[in-house]
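Student: Build the 3D model from these lines:
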Amino acid sequence: MIKDLDKIHHQRNGFVRVGLLIEYLDQLAELKKLEMGIYEAGDGALVRYVVAAKGWNHAGSYIQLLYIPRPYGKRYRFLLGKVEDPIDYYEQFDCYLTDAIPMTETLIEYIVNQSEQL
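Tutor: Residues are numbered from 1 along each chain as shown. Next comes the predicted model:
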């Protein structure tokens, strides 16, 4: 189980700190348990992503939170959107470690469940 799992599980108002998400993804990477993929961006570039969480939004759509593991200065890029939509339609978040990402309860539960299996 990852460190600070209780902190992720008890985040308030549907937001999780980016620092906790990066720590969670680093621990998954060490265990080689990352779900990864590649998509073609609008400019034709191939972009690698990591699935940080999957779950349901309040409208009943199945969504996922993706992390783009490439340097953006001191920022971290996350994408949030419906699984069936093209990734170019996802909402983009460029965040610092101290920022927070909006997450539904089911996205947080996904992280908790994944973490408990570690």
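Student: For the residue nearest the centre of the chain, report the pLDDT, please.
Tutor: Centrality entry for the chain: nearest residue to the mean C-alpha point is A52, 3.2 Å, by C-alpha atoms, centre = their mean. We have a pLDDT of 92 for A52.
Student: Phi and psi next, for it.
Tutor: phi -90, psi -40 (degrees, to the nearest 10).
Student: Then Y39?
Tutor: The phi/psi pair for Y39 (degrees, to the nearest 10) is phi -130, psi 160.
Student: gap between the residue lying closest to it once chain neighbours are set aside and I63?
Tutor: Leaving aside its sequence neighbours, Y39 sits nearest to I87 (C-beta to C-beta, 6 or more residues apart in numbering; 4.4 Å). Where you see a C-beta, it was placed from the backbone N, CA and C, and this is true even at glycine. When distance is defined by C-beta to C-beta, to the nearest Å, I87 is 12 Å away from I63.
Student: Could you verify my assumption that A53 touches M103?
Tutor: Yes. At 6.9 Å, A53 counts as touching M103 under the criterion of C-beta atoms under 8 Å.
Student: Would you mind listing the residues touching both of those two?
Tutor: Listed as contacting both A53 and M103 by C-beta atoms under 8 Å, 6 or more residues apart in numbering are L65.
Student: Common neighbours of I87 and I63, please.
Tutor: With C-beta under 8 Å, 6+ apart, I87 and I63 have common neighbours G81.
Student: Could you confirm Y67 falls within a helix?
Tutor: No. Y67: not assigned to a helix; according to DSSP: H, G, I helix; E, B strand; the rest coil it is strand.
Student: Right, I'll leave it there.
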